[in-house]
Structure formats: C-alpha cells, structure tokens
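*Asks:* 3D, please:
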Amino acid sequence: MTAPRQENKGPAPKIVRLAAISGLLAMLAGGAFAASTERIVVNRLTALAIDGYDPVAYFTDKDALQGQPEFEASDQGAIWRFRSAANRAIYLEHPDIYGPRFGGYDPTAVARGKPVPGRAQIWLIDHERLYLFSREESRDQFAASPQRLLEQADAKWPALVETLSNY
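*Replies:* Presented below is the predicted three-dimensional model:
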C-alpha cells in the first residue's frame, strides 16, 4: 500500500468504533430502562409507569398483571395501564392508595438514600400499600422488618424526592 492509502485507511476504523461505542452508550443511557430521575419510575421510551402493569390488580387479583392500552390514564407525568375500565376508575379515585409507594422506587434503597427503581414483578403489599423492589433479596429484607425499613425510608424520602425531577 502507498503511504496516502494507509493514512486514509487509518482513522476510519477508529471513527467507526467510536461511533459504535457512543451509540451503545446512548442506547443504554436512554433506552428502555426505568428512569431514575423522576418522582415516579417510568419507562423512558413509553412513559409507562410500572412497565404497564395494572396497579389495582396487585390488590384485586393478588398478582402482577399487564394492563391494556385501551385502558390508560395519565397521572403525575406517567401513563398508567389497567386491565379494565373499572380498575382505571378505582385508581383515578385513589391514586395515592393504589400507586406504588415511593413512586415505585425500592424502599430498601430509599432507606439508604438511593433512588433505585423497583421492578413490577417483584412486589409486596404491606399495610394496604404496594411496594416494588429491585431484587428479590430486597423484598425479603423488607418483609423481615417492614416497620424498621419504612421508618428509615420515610426519613430519607423527603430529601431524596427533591433530587428527582418534577414533571
């Protein structure tokens, strides 16, 4: 190869690699992962709260069940899905009861002062409130001592929520 060809060929693969890495990082940062800078945990791509699971179904069906697009409601900057119009009406009448406590953040992490999004499939109802957890171990830790962890989380939540965006 001649010297000019080597010079032209040299930087191109580096630029392609850099672009690929940048694209991957952008996808990871803004992809379908739950946002951790909102007061309600939502999917960044869809704006769905709790990944589209019906918050009322946790109470009525004792299960994490997907909501349907035809039964949606907007509340607190998030789109909530429900399994039926009745569940949507129940939620809209009492969102503070049926919505996950701490905006869907893991209460064990909140107790440590960290906003870690909970997962819709790892949940627990305690004293008629829904809690979502990031890991099964967190749920088990909470279940073993809910009062202690809730006291810690309640103490940390006001300062923590101020660090989260409000839209």
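
*Asks:* Every contact and neighbour count from this point should use C-alpha atoms.
*Replies:* OK.

*Asks:* which secondary element of this protein has the worst mean pLDDT?
*Replies:* Ranking every helix and strand in the chain by mean pLDDT, DSSP states H and E puts helix 11-30 at the bottom, with a mean of 42.

*Asks:* What average pLDDT does the helix or strand just after it get?
*Replies:* Beyond helix 11-30 on the C-terminal side, the first helix or strand identified by DSSP states H and E is helix 57-60. Per-residue pLDDT over helix 57-60 has a mean of 98.

*Asks:* Verify the stated contact: residue 56 with residue 89.
*Replies:* No - when contacts are counted by CA atoms under 8 Å, residue 56 is not listed as touching residue 89 (9.8 Å).

*Asks:* higher neighbour count, the two?
*Replies:* Comparing residue 56 with residue 89 by other CA atoms under 10 Å, the one with more neighbours is residue 56, at 29 against 15.

*Asks:* do you know how far residue 111 is from residue 88?
*Replies:* 30 Å (CA to CA, to the nearest Å).

*Asks:* what's the answer for residue 120, then?
*Replies:* In terms of CA to CA, residue 120 sits 17 Å off from residue 88.

*Asks:* cool, residue 51 as well?
*Replies:* Taking CA to CA, one finds residue 51 at 16 Å from residue 88.

*Asks:* buried stuff in stretch 72-80?
*Replies:* 72, 73, 77, 78, 79, 80 (16 or more other CA atoms under 10 Å).

*Asks:* Residue 116: which of the residues you listed is nearest?
*Replies:* The closest of the buried residues of stretch 72-80 to residue 116 turns out to be residue 78 (CA to CA; 17.4 Å).

*Asks:* What pLDDT does the model give that closest one?
*Replies:* 93.

*Asks:* On the pLDDT front, check the residue nearest to residue 107 when sequence neighbours are not counted for me.
*Replies:* What sits nearest to residue 107 in space, not counting adjacent residues and going by CA to CA, 6 or more residues apart in numbering, is residue 153, at 6.1 Å. On the pLDDT scale, residue 153 is placed at 97.

*Asks:* wait, doesn't residue 153 sit right on residue 114?
*Replies:* No - judged on CA under 8 Å, residue 153 makes no contact with residue 114 at a distance of 9.8 Å.

*Asks:* What ranges in this structure fall below the confidence cut-off?
*Replies:* 1-37, 165-167 (pLDDT under 70).
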